[in-house]
Structures are given as structure tokens and as C-alpha cells.
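**Q** With the sequence up front, the predicted model follows.
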Amino acid sequence: MFRKQGRAMETSGGSRRVPPWRGWGPLVLLPAAVLLLTPAAWPRWTFMWLLAGSIYAGCKWLTWRRTPVREAPAWRHAAYLLAWPGLDARAFLSEAPPPEARPSWAEWTGASVKLLLGAALIWGASRLVLPSQELLLGWVGMVGVVLLLHFGSFHLLSCLWRSLGVNARPLMNHPLASESVSEFWGQRWNTAFRDLTHRFLFLPLRARLGPRGALAAGFIFSGVAHDLVISVPAGGGYGWPTLFFVIQAAALLAERSRAGRALGLGSGWRGRLFTFLALALPLCGLFHPPFVLNVAVPFLRALGVPAA
């Protein structure tokens with residue numbers, strides 16, 4: 001069953017199976033070039049965005065090269081590569097959204113409000129933070145950036161593409177509604193990264209490591225990737241992002257265990273509480289103080305947030 005699914009993912013319309021090496025080059029070479037060639041005198045936030053952008057570009061190229069949808073018009077390929085942050089190439093290139101997924105005016109309005117709220121946090125609320133409270137300033141700014149980009153701009157892009165008949169699911173699917181850690185990471189938070197890891201890590205590793213081993217490997221990979229983008233530019237806090245994702249894997253396995261099911265950790269109010277605690281308590285390890293102070297705060301200054 002697994003092998004049939006794998007072949008189906010890598011072929012289209014009876015075409016030959018995609019060679020296993022295809023598409024991986026940029027994902028290796030682009031981040032390596034940033035790590036080796038970025039001048040040490042450049043701001044750390046510039047280094048962070050270059051590194052994150054190079055990894056994203058490599059992932060985008062990988063999903064595109066390994067999804068041979070030849071019947072899609074050229075403009076749709078270009079739009080996937082340049083004008084959509086998601087990583088589900090097959091859905092974007094060859095599928096139409098179901099009728100109930102067409103964006104309503106309420107959805108357009110909600111996405112616009114989230115974008116404006118993010119901007120208000122970055123250029124408004126952050127100005128109210130005292131100069132001595134730089135950690136708080138960094139967190140206010142980071143929340144603003146996530147609202148501005150992931151919940152606002154990217155959601156508006158999703159609305160635009162779905163209104164044009166392209167299947168571009170929102171990357172954020174009401175994460176605060178999650179009743180379990182599994183639901184949060186598997187269905188609601190940053191579905192682009194979930195699509196990537198599920199396709200290129202979980203499915204290939206499941207046959208060798210089993211579902212639990214593949215799941216743990218996926219979370220460890222996520223931790224290492226975040227350490228690369230967060231800790232390396234910050235010059236400190238190494239290992240804390242990886243530990244955060246190890247805790248997430250442990251929480252997910254705990255809620256699926258016999259004891260977790262008996263306690264109701266995967267649904268209802270107990271599930272919501274367990275999910276909140278599993279995510280919130282170790283969050284300062286993901287975005288640790290070296291990152292906040294050395295990357296996030298200087299980035300906010302570059303955006304025009306004054307020091308006083």
C-alpha cells in the first residue's frame with residue numbers, strides 16, 4: 001500500500017517515475033551558499049531572512065520538480081513558484097477548490113483584519129514598550145510579523161487564488177481551535193511545512209521506522225531546521241528549538257497513548273488545555289532570548305520601531 005502511494009505521488013498521467021535525485025540540488029546548495037558567503041558584518045536579521053528564504057526556495061523547487069503536472073499551463077507553474085507560499089504543488093497546479101472552499105466576504109474581511117492587526121502590533125503597540133523591556137518588544141514584534149504574513153497576507157493570497165479557481169488552502173487553519181497536539185501540527189498550523197515533511201519525511205520513513213518512529217524523526221528534523229534558521233543567526237541558544245520539537249513529539253505520543261486516551265488528552269476541554277500547555281510552556285525555548293535580542297529586536301529597529 002505504501003509503495004503504491006509513493007509511486008502515485010511521484011508520477012502523473014502515466015509518466016515515468018521521477019528520479020529520486022531530482023529537485024534536491026537547490027535545497028542543499030542555496031542554504032550552503034548563504035552560510036558560507038554571507039558577510040559577517042551584515043545584520044543578523046539579514047542573515048536569518050536570507051537563510052530562511054534559501055531553505056524555502058529550495059523546498060519550493062523540490063516540491064515543484066517532483067510533481068510532474070504537465071497539463072498545467074505555464075502561468076500556473078510560474079504562480080506556484082513565485083506567488084504562492086504553500087508547498088502542495090499538485091493541489092495548486094491541477095486541482096480546483098471545492099465549492100464550499102470559495103472565499104466569502106467574511107473570510108476576506110477576517111484576513112484583512114489580521115493583516116492590519118499585525119501592522120498595528122509592529123508599528124503601534126511596539127512603540128509603547130519601554131526601552132528596557134527588549135524581550136517584550138521582540139515578542140510583540142514577532143507576533144505582529146506572524147499576523148501580518150501568515151495570518152494576513154498569505155491568507156489573502158489564498159482567498160485570491162481560490163476565487164480564481166486554484167486550490168490554495170490557507171496555511172493557517174484556525175490553530176486556536178485545536179483540541180489536540182496532533183490536530184494543531186497536522187491540520188492547523190503552517191500546513192505548508194506539514195505538507196513538505198509528511199511527503200518527504202514521514203511517508204518514506206514510515207516503512208522503515210514505523211508510524212511512531214517516522215513521526216519522531218519528522219519532529220526532530222523540524223527542530224534541527226528551526227535551530228539552523230533561529231539559533232545560527234542569533235549566535236546562541238543552540239539546541240533549544242530542537243528540544244521544543246522533541247517536547248511536541250513527546251506530547252503527541254502521550255495524547256495517543258492508552259493513558260492519554262483515558263485522560264481525554266486528545267479532545268474536548270482536556271485536549272485544548274493539554275495542547276495549550278504543551279505549546280505555550282516551552283515556547284520560549286523555540287524563540288529563545290538570543291534570537292529575540294540579537295535578531296528580532298534589531299529587525300524591528302530596521303522596520304522603523306524607535307528605541308525609545
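**A** Cool, got the structure. The structure presented is a predicted model; accordingly, all values stated were derived computationally and were not measured. Residues are numbered from 1 along each chain as shown.

**Q** which residues touch the closest residue to Ala52 other than its chain neighbours?
**A** Using C-beta to C-beta, 6 or more residues apart in numbering and skipping the chain neighbours, the partner closest in space to Ala52 is Val229 (4.9 Å). From N, CA and C alone the C-beta is placed, and that goes for glycine too. Val229 makes contacts with 48, 51-52, 55, as judged by C-beta atoms under 8 Å, 6 or more residues apart in numbering.

**Q** Name the SS class of Val229, please.
**A** Following DSSP: H, G, I helix; E, B strand; the rest coil, Val229 is assigned to helix.

**Q** any idea how far it is from Pro306?
**A** In this view, Val229 and Pro306 are 27 Å apart by C-beta to C-beta, to the nearest Å.

**Q** With secondary structure and pLDDT added, can I get the contacts of Val229 in CSV?
**A** Converted to CSV, the contacts of Val229 look like this (DSSP: H, G, I helix; E, B strand; the rest coil; pLDDT from 0 to 100):
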residue, secondary structure, pLDDT
Met48, helix, 98
Leu51, helix, 98
Ala52, helix, 97
Ile55, helix, 97
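
**Q** So which residues make contact with the one helix or strand Gly141 maps to?
**A** Secondary structure here is read from DSSP states H and E; on that basis Gly141 sits in helix 134-146. Residues outside helix 134-146 that contact it (C-beta under 8 Å, 6+ apart): 117-122, 125-126, 129, 287, 289, 292-293, 296-297, 299-300, 303, 305.

**Q** Check which helices and strands the helix or strand that it is followed by sits against.
**A** Note on helix 134-146: by DSSP H and E, the next helix or strand toward the C-terminus is helix 154-163. Here helix 154-163 touches helix 105-123, going by 3 or more C-beta pairs under 8 Å, 6 or more residues apart in numbering; DSSP states H and E.

**Q** how many degrees apart are the helix or strand where Ala78 lies and helix 154-163 in direction?
**A** Using DSSP H and E, Ala78 sits within helix 74-82. With axes from the mean of the first three to the mean of the last three C-alpha atoms, to 10 degrees as the basis, helix 74-82 and helix 154-163 are set at 170 degrees to each other.

**Q** what's in contact with helix 74-82?
**A** Contacts of helix 74-82 with the rest of the structure, by C-beta under 8 Å, 6+ apart, involve 60-61, 64, 89, 92-93, 161, 166.

**Q** Which secondary structure elements does the helix or strand that that helix is followed by sit against?
**A** Following helix 74-82 in sequence order, the next helix or strand is helix 89-94 (DSSP H and E). Judged by 3+ C-beta pairs under 8 Å, 6+ apart, helix 89-94 is in contact with helix 74-82.

**Q** Could you measure from Val28 over to Ala57?
**A** Computed as C-beta to C-beta, the Val28 to Ala57 distance reads 12 Å.

**Q** which of those two has more neighbours?
**A** Ranked by neighbour count (other C-beta atoms under 10 Å), Val28 and Ala57 place Ala57 first, with 15 against 11.

**Q** which residue sits closest to the more buried one, ignoring its sequence neighbours?
**A** Leu30 (5.9 Å).

**Q** Output the helix ranked longest in the chain as PDB, nothing but the C-alphas.
**A** Secondary structure assigned by DSSP state H gives helix 203-226 as the longest helix of the chain. C-alpha atoms of helix 203-226 as PDB (Å, rounded to 0.1, in the frame of the first residue of the first chain):
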ATOM      1  CA  LEU A 203       5.900   8.600   4.300                       C
ATOM      2  CA  PRO A 204       9.400   7.400   3.200                       C
ATOM      3  CA  LEU A 205      10.400   6.700   6.900                       C
ATOM      4  CA  ARG A 206       7.200   5.100   7.900                       C
ATOM      5  CA  ALA A 207       8.000   1.800   6.200                       C
ATOM      6  CA  ARG A 208      11.400   1.600   8.000                       C
ATOM      7  CA  LEU A 209      10.700   3.100  11.400                       C
ATOM      8  CA  GLY A 210       7.000   2.600  11.800                       C
ATOM      9  CA  PRO A 211       4.500   5.400  12.300                       C
ATOM     10  CA  ARG A 212       5.900   6.500  15.700                       C
ATOM     11  CA  GLY A 213       9.500   6.400  14.600                       C
ATOM     12  CA  ALA A 214       8.700   8.400  11.500                       C
ATOM     13  CA  LEU A 215       6.700  10.900  13.500                       C
ATOM     14  CA  ALA A 216       9.600  11.400  15.900                       C
ATOM     15  CA  ALA A 217      12.000  11.800  13.100                       C
ATOM     16  CA  GLY A 218       9.800  14.400  11.500                       C
ATOM     17  CA  PHE A 219       9.700  16.500  14.700                       C
ATOM     18  CA  ILE A 220      13.500  16.200  15.200                       C
ATOM     19  CA  PHE A 221      14.100  17.300  11.600                       C
ATOM     20  CA  SER A 222      11.800  20.300  12.300                       C
ATOM     21  CA  GLY A 223      13.800  21.100  15.400                       C
ATOM     22  CA  VAL A 224      17.100  21.000  13.500                       C
ATOM     23  CA  ALA A 225      15.700  23.100  10.700                       C
ATOM     24  CA  HIS A 226      14.500  25.700  13.200                       C
END
